[in-house]
Every structure is written in structure tokens, then in C-alpha cells.
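1. need a structure here:
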Amino acid sequence: MKSKKIHFIAIGGAAMHNIALDMKAQGYEVSGSDDEIYEPSLSRLKQAGIAPEEYGWFPERIQQDIDIVILGMHAKADNPELLKAKDLQLKIFSYPEFIFIHSKNKKRVVVAGSHGKTTTTAMILHVLKKCGISFDFLVGAQLDGFDRMVQLTDAPVIVIEGDEYLSSPIDRVPKILHYKPHIAVVTGIAWDHINVFSTFDIYKEQFLKFVDTIDTDGVLIYYQHDEHLKSIVDQRPKLPKVSYQSLSREASDVSFQNQLYPVSVIGDHNFQNMNAARLVCLQLGITNESFFDAINDFKGASKRLQKLSESGERTVYLDFAHAPSKVKATTDSVKQWFDGQKLLAVLELHTFSSLNQSFIPEYYEALNAADKAIVFFNIHTLKMKNMPDLDEKFIMDSFGHPSLMVFTDEKLLFTFLSSDDYLEYNILLMTSGNFNKMSLEF
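-> Predicted coordinates for the structure are as follows:
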């Protein structure tokens with residue numbers, strides 16, 4: 001039988017290139033295009049033989065024999081390949097639409113929320129794999145023991161990290177509204193993506209809509225101490241629901257029902273994520289004892305409190321935190337975990353929201369748990385996003401940290417972090433970017 005042809009417009013995205021890799025591994029004929037592809041996506045696409053030969057958009061490559069076009073959010077609504085696909089009346093899907101179509105006959109688990117969803121999803125996947133359960137998945141980070149961030153087979157269960165950002169330039173609804181979960185998790189709500197959701201009320205409304213998409217026989221698992229989330233839950237009193245809080249800990253062990261279980265992750269917020277993962281696994285038939293036996297060697301997802309180095313008194317961690325609530329939770333957790341040790345927190349402003357002058361005051365006191373704090377931003381990134389320059393004093397006033405420093409040169413930042421003055425400090429690096437490709441070995 002002739003293999004199906006799938007073309008990816010904006011193939012270089014994190015989820016997009018992983019879906020492309022999975023489709024290629026399953027025998028589909030895969031092609032794609034993009035105007036720029038960063039590592040590690042580029043190397044992985046090249047290794048699979050499906051990287052574009054050159055950057056750009058080539059409408060002549062869109063032919064009638066293409067069965068499916070998957071459109072990424074990075075493309076624009078007037079993309080030449082998209083317009084050609086429309087002219088030919090090809091089937092065009094955003095990737096969350098494609099994922100849902102694939103998973104119509106599966107039990108769908110969707111982990112949503114403004115923070116913690118990648119780690120929570122990763123914990124669920126780790127436990128399911130160790131317990132020998134067959135499942136599909138979509139997760140927003142590379143995980144140990146998994147070749148890709150996406151797997152689409154004939155498994156009876158799929159676990160999806162649910163992003164609230166828009167699906168595509170022509171499918172302008174949050175991704176989470178496509179999945180219609182049987183088991184839904186919401187970890188918490190804190191304003192993000194202000195370029196799309198101009199007010200917090202509009203942002204919060206997307207999670208109410210998400211709750212309304214839960215299957216009629218489904219259940220909501222939610223963090224009970226989030227006031228914004230609780231207000232949403234209160235609006236749906238008949239919805240089956242389970243609330244959770246953080247698991248208790250003694251030293252580095254989890255304390256649960258008078259038993260201590262060793263774990264490998266740090267950070268009190270990860271004990272909160274772990275409890276959400278436990279409740280999902282319970283819904284899938286995994287006992288608490290089996291869950292804790294399986295989770296003990298989970299070391300985290302890539303860039304989610306990832307330990308980069310450990311030398312003498314100092315440990316260096318890298319985390320994907322970028323929104324204010326994520327930055328505060330991560331900084332607080334690392335400081336609390338290493339009680340008595342000094343902490344230097346370094347945050348890169350990289351997203352549209354974090355570089356927006358009207359949004360930056362949302363970071364007030366987010367870094368205050370750290371003994372020393374640094375904010376870094378790349379002037380080139382501002383120019384690429386057509387955003388005005390940022391004033392150093394404005395940033396310092398907005399964050400409200402008593403000893404905040406601001407850097408715009410990654411070479412100077414590297415020299416500073418490498419100096420002997422901070423050998424006794426743990427260092428926490430937080431970014432959704434890469435500090436303008438700065439070396440993280442210091």
C-alpha cells in the first residue's frame with residue numbers, strides 16, 4: 001500500500017519536529033519547511049533524512065498528492081505554502097487537531113496549567129513506562145529513556161501536555177481546547193502569553209473553557225490552593241473532581257500514609273507535581289505503592305531543574321521557568337531545599353511577555369528568595385521582536401530585589417558567573433531561551 005504523504009509547514013518547532021520524526025518512523029512519507037530551524041531540532045531532522053534542503057517557503061512543493069498538511073504556529077496566515085494548500089483544498093490541521101484525530105478512540109489524559117505541566121506529564125510517563133503500560137504521549141521536553149517527545153501508535157492511552165497557547169495561525173484557539181480529556185489536570189493559573197491574552201481574565205477564561213471540554217465520564221484533578229483555579233472549579237459544581245496539595249517530605253524523602261519513599265527530584269513544587277501525577281496514575285489503575293516504587297529514580301525533564309554541575313559547595317541548575325509564577329516557585333523551592341546555602345538566581349527575559357514593559361512589573365519580588373539576583377536580556381532579541389529598549393532602572397524597580405543586577409552581554413555574564421566570588425553560591429539559571437548561546441560550564 002502506498003504510504004501517506006504528510007507535509008509540515010514550520011517543521012522546526014519542538015512539537016512539530018517530534019511529530020514529524022514519529023510519522024517518519026511509522027513509515028509515512030514526510031516533508032517539511034521552515035524559515036529557520038534551531039538545534040537540536042535541525043540535527044534530529046537531518047538524522048532522520050527529513051530536514052528541509054534549504055530554508056524558506058516553497059509553494060511549488062505543495063502538490064495534490066499530499067494527504068495531510070500540518071500547520072505550525074510559527075507560520076503566518078499568509079504563508080505561501082499554506083495558501084497553495086488551501087487552493088488545492090488539501091486537509092490542513094494544526095498539530096493539536098492532528099493529535100486529537102489520532103487519539104479519538106483512546107483514553108486521553110491532558111495535563112494543563114500555567115506551571116509544572118511538563119514535569120507532571122514527565123512523571124506520569126516515567127511511571128507508566130516502568131509499570132509496563134502501553135501508552136502514547138506528547139510532552140514538551142526531552143526525557144531520559146524516550147527517543148522522542150511524541151509517540152503515536154495504537155496504544156489505548158495517550159498522555160498529553162496541554163499548552164494553552166494558540167494552535168495555529170488559522171486555528172486560533174488554545175491547544176488544550178482540542179483534546180477533550182477523560183482525565184484532566186490543572187496545576188495552577190498565573191497570567192502568561194499577554195500577546196494573545198491581553199488581560200488576566202481573558203487568560204483565565206481559557207481554563208474554564210478547558211474544563212468544559214472534559215468528557216462526560218471524565219474527571220478533573222486540580223491544585224486546591226490556587227484561588228483562581230478554585231473559582232473556576234466552583235463554577236462547575238457537578239463536575240467530578242479530585243483536589244490535591246503538595247506531598248509531605250522528610251529530608252529528601254516523600255512521606256505518604258506513614259511511609260517514607262526515596263525520590264531523586266528536588267524542589268517543593270515538584271512534590272506538588274508528584275501528587276498530581278500520583279492521582280492520574282491512580283485513575284489509570286496504578287496503586288500508590290507501585291507509583292512510589294516507580295518514581296524514585298525520576299530525575300526530571302530536560303531544563304526542568306536540570307542539574308548541570310556540582311563542585312565543592314556549589315550546584316548549578318537550569319530551569320525553563322520564564323513566567324512570573326514559575327520564576328517565583330522555582331526560586332523559592334531551590335532556596336528552601338538548600339536551606340542555609342546562598343543562592344544566585346539568574347533569569348533571562350526572552351519571551352514576548354517577559355520583554356514587554358507593561359508585563360515586567362508582574363515579576364515583582366519573584367526573585368526575592370535568592371541572596372543575589374541577575375536579570376539578563378539580549379538586545380538583539382528585542383529588535384527581532386520589534387520591541388522598544390528596556391531601561392535598567394525600570395527592570396530593577398519592577399523586580400524589587402534589593403541587589404538585582406542587569407546584564408545584556410552574555411560574555412560579561414559568563415565572566416561574572418565564573419568568578420571566584422560566587423563559588424559558595426548555588427546558581428539557578430532560568431530561561432526559555434539559551435542566554436544567547438552562552439556556555440553554561442562555569
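2. so how far does stretch 93-109 reach from one end to the other?
-> Terminal residues of stretch 93-109 are spaced 21 Å apart (Cα to Cα, to the nearest Å).
3. mind checking how far it is from the chain centre?
-> In terms of Cα atoms, centre = their mean, to the nearest Å, the centre of stretch 93-109 is found 18 Å from the chain centre.
4. in it, what's buried?
-> Applying a neighbour-count criterion of 16 or more other Cβ atoms under 10 Å, one finds 93-100, 102-103, 106-109 buried in stretch 93-109. All C-beta atoms are positioned from the backbone trio N, CA, C, and that covers glycine.
5. Run through the helices of the stretch 151-300 of the chain in chain order.
-> Taking DSSP state H, counting those that start in this stretch, the helices of the stretch 151-300 of the chain run over residues 200-212, 227-234, 268-283, 288-295.
6. average pLDDT for the first one?
-> Taken as a whole, helix 200-212 has an average pLDDT of 97.
7. May I see the buried residues of stretch 93-109 arranged in JSON lines, with secondary structure as well?
-> Formatted as JSON lines, these follow (DSSP: H, G, I helix; E, B strand; the rest coil):
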{"residue": "F93", "secondary structure": "strand"}
{"residue": "S94", "secondary structure": "strand"}
{"residue": "Y95", "secondary structure": "helix"}
{"residue": "P96", "secondary structure": "helix"}
{"residue": "E97", "secondary structure": "helix"}
{"residue": "F98", "secondary structure": "helix"}
{"residue": "I99", "secondary structure": "helix"}
{"residue": "F100", "secondary structure": "helix"}
{"residue": "H102", "secondary structure": "helix"}
{"residue": "S103", "secondary structure": "coil"}
{"residue": "K106", "secondary structure": "coil"}
{"residue": "K107", "secondary structure": "strand"}
{"residue": "R108", "secondary structure": "strand"}
{"residue": "V109", "secondary structure": "strand"}
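8. pLDDT weak spots in the stretch 1-150 of the chain?
-> 1-2 (pLDDT under 70).
9. where exactly do the strands run in it?
-> 5-9, 29-33, 68-71, 91-94, 107-112, 136-138, 150-151 (DSSP state E, counting those that start in this stretch).
10. got it, and the stretch 301-442 of the chain?
-> So, for the stretch 301-442 of the chain - with DSSP E, counting those that start in this stretch - the strands run 306-311, 314-319, 342-349, 372-377, 404-407, 425-430.
11. If I average pLDDT within each of those strands, which one is lowest?
-> Taking the mean pLDDT of the strands of the stretch 301-442 of the chain, strand 306-311 comes last: a mean of 89.
12. Can you list the buried residues in that one?
-> Applying 16+ other Cβ under 10 Å to strand 306-311 flags Q306 as buried.
13. Compute the inter-axis angle for that strand and strand 425-430.
-> 160 degrees (axes from the mean of the first three to the mean of the last three Cα atoms, to 10 degrees).
14. on that earlier part again, go through the strands of the stretch 1-150 of the chain and name the closest to N368.
-> N368 lies closest, by Cβ to Cβ, to one member of the strands of the stretch 1-150 of the chain: strand 107-112, at 28.0 Å.
15. Can you list the helices and strands that the closest one packs against?
-> helix 117-130, strand 157-161, strand 183-186, helix 268-283 (3 or more Cβ pairs under 8 Å, 6 or more residues apart in numbering; DSSP states H and E).
16. Among these, which comes closest to G340?
-> Between the helices and strands packed on strand 107-112, helix 268-283 lies closest to G340; by Cβ to Cβ that is 15.8 Å.
17. average model confidence for the closest one?
-> On average, helix 268-283 scores 95.
18. Just the angle for that helix relative to helix 288-295, thanks.
-> Going by the same axes, to 10 degrees, helix 268-283 makes 130 degrees with helix 288-295.
19. hang on, N18 packs against V150?
-> Yes. Look at N18 against V150 with Cβ atoms under 8 Å: they come within range, at 4.1 Å.
20. Spit out the residues that contact the two alike.
-> L138 (Cβ atoms under 8 Å, 6 or more residues apart in numbering).
21. How is the chain divided into domains?
-> 5-95, 103-295, 306-437 (automatic domain parsing).
22. picking up where we left off before, need the winner for burial among the strands of the stretch 1-150 of the chain.
-> strand 107-112 (a mean of 26; mean count of other Cβ atoms under 10 Å).
23. what comes into contact with it?
-> Outside strand 107-112, the residues touching it (Cβ under 8 Å, 6+ apart) are 117, 120-121, 124, 156-162, 164, 176, 179-187, 207, 210, 215, 276, 280, 284.
24. and it with helix 117-130, angle?
-> Using the same axes, to 10 degrees: strand 107-112 against helix 117-130 is 150 degrees.
25. about what we covered before: Throw the strands of the stretch 1-150 of the chain into a markdown table and include distance to F256, thanks.
-> Listed next are the strands of the stretch 1-150 of the chain as a markdown table, based on distance: least, Cβ to Cβ, whole Å:
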| stretch | distance to F256 |
| --- | --- |
| strand 5-9 | 43 |
| strand 29-33 | 44 |
| strand 68-71 | 42 |
| strand 91-94 | 40 |
| strand 107-112 | 21 |
| strand 136-138 | 25 |
| strand 150-151 | 30 |
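26. sorry, back to before: which of the buried residues of stretch 93-109 sits closest to A51?
-> Among the buried residues of stretch 93-109, and counting by Cβ to Cβ, the member closest to A51 is Y95, at 18.2 Å.
27. The closest one contacts A15, correct?
-> Yes. Proximity of Y95 to A15 meets the contact threshold set by Cβ under 8 Å, at 5.7 Å.
28. Next, format the strands of the stretch 301-442 of the chain as TSV and append distance to G140.
-> TSV is the format used below for these (distance: least, Cβ to Cβ, whole Å):
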stretch	distance to G140
strand 306-311	14
strand 314-319	13
strand 342-349	18
strand 372-377	23
strand 404-407	27
strand 425-430	16
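29. Any idea which of these gets closest to H74?
-> Among the strands of the stretch 301-442 of the chain, if distance is taken as Cβ to Cβ, the winner is strand 342-349, at 20.3 Å.
30. Tell me the gap between that closest one and the middle of its chain.
-> Mean-position distance between strand 342-349 and its chain equals 20 Å (Cα atoms, centre = their mean).
31. Could you please name the strands that strand pairs with and the direction of each pair?
-> strand 372-377 (parallel), strand 425-430 (parallel) (DSSP bridges).
32. Figure out which of those is closest to V242.
-> Per Cβ to Cβ, nearest to V242 of the strands paired with strand 342-349: strand 425-430, 30.7 Å.
33. Next, the angle strand 314-319 makes with the closest one.
-> Using the same axes, to 10 degrees: strand 425-430 against strand 314-319 is 10 degrees.
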